[in-house]
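J.: Sequence first, then the predicted structure, then my questions.
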Amino acid sequence: MTAPPQDLLKAAAFTLNAMAAQVEEFGAELVTDPDFAQRHLTSLQSLDRWSQELVQLAKVIAADDPVAAAEAVTLSELRDHLRAAKAA
């Protein structure tokens, strides 16, 4: 299997970053309703987490050295998942 061209990976990373921004904007819109925010705090926290994960994955995909970028992921659960994939 050949590696995808770098421009394809950059485009995928761009899309992941755009998705992260959309998730973040959606969460920000939802928290403007305090009653909704209070009732759905856990779900809103999940939206924030997903946004962070998308950004971190985009960095790995777009990196010149994806292995080093995976090691630099700041979300420990995601970093551990990527490490496990590297070891497999």
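T.: Perfect, I can see it now.
J.: can you list the weak-confidence ranges in this protein?
T.: 1-4 (pLDDT under 70).
J.: mind listing the helices for it?
T.: Using DSSP state H, the helices of the chain run over 6-30, 34-39, 41-62, 66-71, 76-87.
J.: export the ones you listed to a markdown table and tack on mean neighbour count?
T.: Bear in mind the C-beta positions are built from the backbone N, C-alpha and C, glycine included. Converted to a markdown table, those look like this (neighbours: other Cβ atoms under 10 Å):
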| stretch | mean neighbour count |
| --- | --- |
| helix 6-30 | 14 |
| helix 34-39 | 10 |
| helix 41-62 | 17 |
| helix 66-71 | 15 |
| helix 76-87 | 12 |
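J.: Leaving out chain neighbours, which residue sits closest to the residue positioned nearest the centre of the chain?
T.: Central residue of the chain (Cα atoms, centre = their mean): residue 54, 1.4 Å from the mean position. In space, and not counting its chain neighbours, residue 54 is closest to residue 20: 3.7 Å by Cβ to Cβ, 6 or more residues apart in numbering.
J.: check contacts around that neighbour.
T.: By Cβ atoms under 8 Å, 6 or more residues apart in numbering, the contact list for residue 20 reads 50, 51, 52, 54, 55, 58.
J.: What is the nearest of those residues to residue 29?
T.: residue 51 (13.1 Å; Cβ to Cβ).
J.: Pull up the gap between the residue of the chain most remote from its centre and residue 41, please.
T.: In the chain, residue 35 marks the outermost C-alpha relative to the chain mean, sitting 27.6 Å out by Cα atoms, centre = their mean. From residue 35 across to residue 41, the span is 11 Å (Cβ to Cβ, to the nearest Å).
J.: ditto for residue 21
T.: Taking Cβ to Cβ, one finds residue 21 at 22 Å from residue 41.
J.: about what we covered before: surely the residue nearest to the centre of the chain meets residue 18?
T.: No - contact criterion Cβ atoms under 8 Å: residue 54 and residue 18 do not qualify, at 9.0 Å.
J.: List the neighbours of stretch 40-60 that are in contact with it.
T.: Under Cβ under 8 Å, 6+ apart, the answer for stretch 40-60 is 12-14, 16-17, 19-21, 23-24, 26-27, 30-31, 37, 66, 69-70, 72-75, 78, 82.
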